[in-house]
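S.K.: Just need the structure, nothing else, for what follows:
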Amino acid sequence: MASDSVDDREMREAQREYLDFLDDDQDQGVYQSKVRDMISENNNRLIVNINDLRRRNEARAARLMTNAFEELLAFQRALKDLVASVDATYAKQYEEFFVGLEGSFGNKHVTPRTLTSRLLGSIVCVEGIVTKCSLVRPKVVRSVHYCPATKKTMERKYTDMTSLDAFPSSAIYPTKDEENNPLETEFGLSIYKDHQTITVQEMPEKAPAGQLPRSVDIILDNDLVDVVKPGDRVQVIGTYRCLPGKKGGYTSGAFRTIMIACQVKQMSKEVSPYFSADDVSKIKLFSKSKMDVFDQLSRSLAPSIHGHEYIKKAILCMLLGGVEKVLENGSRIRGDINVLLIGTETTEFLSFSLSFLLCLVLSLSFSLSNDNDYNYIIFSDILI
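M.R.: Got it, this is the predicted structure:
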C-alpha cells in the first residue's frame, strides 16, 4: 500500500509539472496556441518538441526519455486537463488525448540494427524504410453489455501490453454476468480504436556490407494508421517494449520486442530534387543531341558491367516510370514496372539505382541448410 501511494504521488507530481509546461500563457503561449489549433482542427494528438521541455524542465525531460510509459501517461493526462480547461465540451468527445514527440533524441536516435535491450522502456527515434503494412482493424477499448434479465448495463475496459497502463486487463470477453444471465453487447455504445502493425527495415545505405538488413515491428493506433505505405522512408518516434510470452506456464526468456509509435514523420517528402541553371542547360543540350537519348541513358547505367542491354533498359524504365494507359475496352495498363534480378551483378545494379530512387526496398529470398546447429545461406536473390 505504501508503494502504491508513493507511485500515485509521483504520478500526480509528474502530471502537475507537465501541466505547468503546457500552460505557458505567461511565457510565449506556444503550446496554448497549439492546443487551441488542435481543438479547432478536431484532433486529439499534440506534437511536443522535446527540446522545449528540456529548456523548461530538464529533469522531467530526462525521466520522459528513460521511463517512457509512466511519463507519457502523466503527460497525456495533463493534456486532457488543459483541454478541459480550454473547452470542457471538446474534452468529453474523446476517451484519450495523445502526445507526439519530435526534436533531438541524442543516443536514442537509432536504426533497427542498433535497437538493443538497453533501450527497453525508453523513448526512441527509429529511421528506416517501411516494408510491410497490415490491414487496419478495429480494436476494442471499452465494451458495453446489457442484461435483459436484470435490465442492467455493465462496462469493461480493455488494455494489453501495447497500452500505457501498468497492468493489462483480462482478455476474456464477458458473455454472462455474475448470476450466469446472458449478456448482449451494445456495439453502438462500445468504443473501438484503429490498429495497424508495420515493419520498418534499416536503409540499405546504412546496413553493413554483406549482412542481412534488420527490421522492427511498429504498432500504430488511432490517427497514426494509414499515414505511411510500403516503400516510404520514415522516422518513427515511440516507446520500445518487450512482449512476454509463455507456453504451459514456462518461458524461454527470449521475448519479442515491438515499438509503440507516438509520432510518424515521412522523410521522403523532405527530399526534393534541385537543379541549378547549369544542370538545366546541360539537360536541354543533351535532349537536342542527334543520338538516341534512351539508348544513351541505358548504356550509362552501371557502366562497370559489360552487356546486359535489355536489363539496363528495364531498370531505366523502372527508374523513369510511365503513364497509365486506358484502352478502348476499359482495361488499364499501369505505367510502372517491377524488375526481379538474379545473379552476381544484382548488387552493382542495386547500388547504382540507389542514388536515384528515394523509395527502394531490398528484399532477400534464401534457403537454409538442414543442419540443426547452424544455418547456412545456400542461395539468395535481390529484388528491386
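S.K.: what comes up buried for stretch 36-43?
M.R.: 38-39 (16 or more other Cβ atoms under 10 Å). Bear in mind the C-beta positions are built from the backbone N, C-alpha and C, glycine included.
S.K.: any residues touching it, and which ones?
M.R.: Stretch 36-43 has contacts (Cβ atoms under 8 Å, 6 or more residues apart in numbering) with 44-46, 83, 86-87, 90, 223.
S.K.: Any chance of a ChimeraX selection covering the buried ones in those residues?
M.R.: Buried residues within the contacts of stretch 36-43, as defined by 16+ other Cβ under 10 Å, are selected in ChimeraX through the command that follows:
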select :44,45,46,83,90
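S.K.: Sitting in strands, which of the contacts of stretch 36-43 do you find?
M.R.: When these are checked against strands using DSSP state E, the ones located there are 45-46.
S.K.: Closest one to Thr159 out of the contacts of stretch 36-43, please.
M.R.: Lowest distance from Thr159 to the contacts of stretch 36-43 (Cβ to Cβ) belongs to Asn44, with 18.1 Å.
S.K.: thought that closest one was touching Asp223?
M.R.: Yes: at 7.2 Å, Asn44 and Asp223 qualify as touching, with contact defined as Cβ atoms under 8 Å.
S.K.: Return every residue with contacts to both of the two.
M.R.: Residues within reach of Asn44 and of Asp223 at once, by Cβ under 8 Å, 6+ apart, are Phe98.
S.K.: Who are the contact partners of Lys132?
M.R.: Listed by Cβ under 8 Å, 6+ apart, the contact set of Lys132 reads 198-199, 230.
S.K.: Looking at the residues you listed, spot the one nearest Phe97.
M.R.: Phe97 lies nearest to Ile198 out of the contacts of Lys132, by Cβ to Cβ, at 23.2 Å.
S.K.: what's the neighbour count on Arg241?
M.R.: With neighbours defined by other Cβ atoms under 10 Å, the count for Arg241 comes to 19.
S.K.: correction: Ala277
M.R.: When neighbours are counted by other Cβ under 10 Å, Ala277 registers 7.
S.K.: which residues are in contact with the host helix or strand of Glu71?
M.R.: For Glu71, the host element (DSSP states H and E) is helix 68-86. With contact meaning Cβ under 8 Å, 6+ apart, helix 68-86 is reached by 11, 14-16, 18-19, 21-23, 32, 35-36, 38-39, 46, 48, 60, 63-64, 90-91, 96-99, 121-123, 164-166, 239-241, 262.
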